[in-house]
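1. no FASTA, just this:
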Ligand code: HEM
């Protein structure tokens, strides 16, 4: 009883501190409906978001698995927001990195839902009605990279040499690795997948890159490392390396394998909905997306994503 009284006093004090009347608050509580699962989780809304464009049954699998991926990417961003934008003590920092590792593991291990779980014939029919849309246009995928590392590191080594202190952030985006999916450097033309994507998101990308310049993970861990003992340093480095490998080699490889299953088997290479030279573009060896390059040896970097 005493405990109850002290609890009520705490709540009263909290409400009064916010300028709220505790009595009115309690009267309101009396009328509150009991919470239930379906409203809290918004099940009806969630299950109303699958709208196939064709009558092929497997298109629903395709849509839902993309939606599942977007939710998992949001889980990763949820941790990144805290890692980059708040001050977190090192042990928790490492714990949160391992959450990101587990989310990425989930993405890789579940990709068989795509690779084995759709009819080859049906997929190659319904995908024709989706062009020029492509998973390439997942903005969350790009926000994650901008929170993980510096824009300069998202530029191929051979273009990076051309950067000067005067190069603006907006100009740097002309050279990020993902331009290779849709920008023809000879004709200077971008395909529709890329130009639609940039029209919608480029402002946000530049803004995020600007906000993250000194707060992205690659910057943050370096500051943190200086204040850790040897064990602390080793733990932090192991977690960062695990995430870099899982996100930038393992997931891209299962994704590429799936693209090969549907777009390359049976002797011919098909054009992807996003129109990239996909087999070259999607390979981690070509992209060379490495968020924390200082944590890898020269040899490891050279062999990044090498198959077999
Ligand atoms: C049958 C399944 C899939 C196939 C055949 C496939 C194929 C491709 C291809 C060929 C590209 C290169 C861009 C293009 O030309 O379109 C691409 C890019 C991409 N796809 Fe998929 N994809 C599949 C499933 C998924 C799923 C489930 C996701 C989850 C969101 C996804 C996310 C992405 C992302 C983020 C990129 C850009 C990767 C990068 O820039 O490194 N894809 N995909």
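-> Perfect, I can see it now. Predicted model, so just to flag it, every value in this text is computed and none were measured. Numbers count the residues shown, from 1 in each chain.
2. So which residues on the stretch 101-250 of the chain come close to the ligand?
-> 114, 134-136, 138, 141, 178, 181 (C-beta under 6 Å from any ligand atom). Using the backbone N, CA and C atoms, a C-beta is placed for each residue, glycine as well.
3. Would you mind checking those residues for buried ones?
-> 114, 134, 136, 141, 178, 181 (16 or more other C-beta atoms under 10 Å).
4. Export these as JSON lines, with columns for secondary structure and pLDDT.
-> Putting these into JSON lines (DSSP: H, G, I helix; E, B strand; the rest coil; pLDDT from 0 to 100) gives the following:
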{"residue": "114", "secondary structure": "helix", "pLDDT": "98"}
{"residue": "134", "secondary structure": "coil", "pLDDT": "97"}
{"residue": "136", "secondary structure": "helix", "pLDDT": "98"}
{"residue": "141", "secondary structure": "helix", "pLDDT": "98"}
{"residue": "178", "secondary structure": "helix", "pLDDT": "97"}
{"residue": "181", "secondary structure": "helix", "pLDDT": "96"}
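5. Any chance of CSV for those residues, columns distance to residue 270?
-> Shown next, in CSV, are these (distance: C-beta to C-beta, whole Å):
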residue, distance to residue 270
114, 16
134, 13
136, 16
141, 23
178, 21
181, 16
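6. biggest separation within those, which pair?
-> 114 and 178 (20.5 Å; C-beta to C-beta).
7. Please enumerate the helices of the stretch 51-200 of the chain.
-> Applying DSSP state H, counting those that start in this stretch to the stretch 51-200 of the chain gives helices spanning 58-85, 90-110, 112-115, 120-126, 139-148, 157-160, 169-172, 192-212.
8. do the same with the stretch 201-308 of the chain
-> Going by DSSP H, counting those that start in this stretch, the stretch 201-308 of the chain shows helices at 217-226, 230-245, 251-263, 278-281, 284-287, 298-302.
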